[in-house]
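Peer 1: Curious how this folds, go ahead:
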Amino acid sequence: MTVGDAMVALRHEGNSSVQVAINFLELEGVKTLLSSALRNDVAVIARHPRAIGLLTNDHDDLMGDSSAYDTQYAERVRMARELRFLISEDRTLAQAAIQFVLGLQGVTVTLPRAVNRSELRVNVGSLTAPQLSQEELATALAITAGAATR
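Peer 2: Down below sits the predicted model:
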């Protein structure tokens, strides 16, 4: 479901949840979607918080076919590399990405991929890793500002 599809779903009674991709690299329409979902008491399930693997420490963990990003793939890789500043001794890029999504008002739950125990540990570790500072968040959003307008 795209953000546009989710907005249509919100206009119909009886929907208790919508599921859309939400991450640093996929922000187009998210603010509007989340505020509408809150107003309508509809849960938002955020999938792909790690942007199909682009938001991992080494970017080599791409899930499936990266052509899902079509013509913007190179730009998304560039932004993901710039977001590496969020990596610290006790926080991975994936953990920062998951924290970002969970911190968005209106997101009910996120569904990060975990195909092995290592990925599961990283995902669960996002709950105890150092939280993003306001400065880190502002810098990250400035880097990915173009993702919100595509």
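
Peer 1: and Leu132, how many neighbours does it have?
Peer 2: Per other C-beta atoms under 10 Å, the neighbour tally for Leu132 reads 19. (Glycine included, C-beta is placed from N, CA and C.)

Peer 1: and if you look at Phe24?
Peer 2: Other residues near Phe24 number 27, with proximity taken as other C-beta under 10 Å.

Peer 1: Please tell me I have it right and Ala51 contacts Phe24.
Peer 2: Yes: Ala51 lies in contact with Phe24 (C-beta atoms under 8 Å); the separation is 6.9 Å.

Peer 1: Relative to Glu75, how far out is Ile143?
Peer 2: Distance, Ile143 to Glu75, by C-beta to C-beta, to the nearest Å: 11 Å.

Peer 1: Which one's more surrounded, those two?
Peer 2: For Ile143 versus Glu75, the count of surrounding residues by other C-beta under 10 Å is larger for Ile143: 19 against 14.

Peer 1: Apart from its chain neighbours, what residue comes closest to that one?
Peer 2: Using C-beta to C-beta, 6 or more residues apart in numbering and skipping residues adjacent in sequence, the residue nearest Ile143 is Glu82, 4.7 Å away.

Peer 1: Validate this expectation: the one you found resides in a strand.
Peer 2: No: according to DSSP: H, G, I helix; E, B strand; the rest coil, the state of Glu82 is helix, so it is not within a strand.

Peer 1: That one is in contact with Leu141, isn't it?
Peer 2: No: look at Glu82 against Leu141 with C-beta under 8 Å: they stay out of range, at 11.8 Å.
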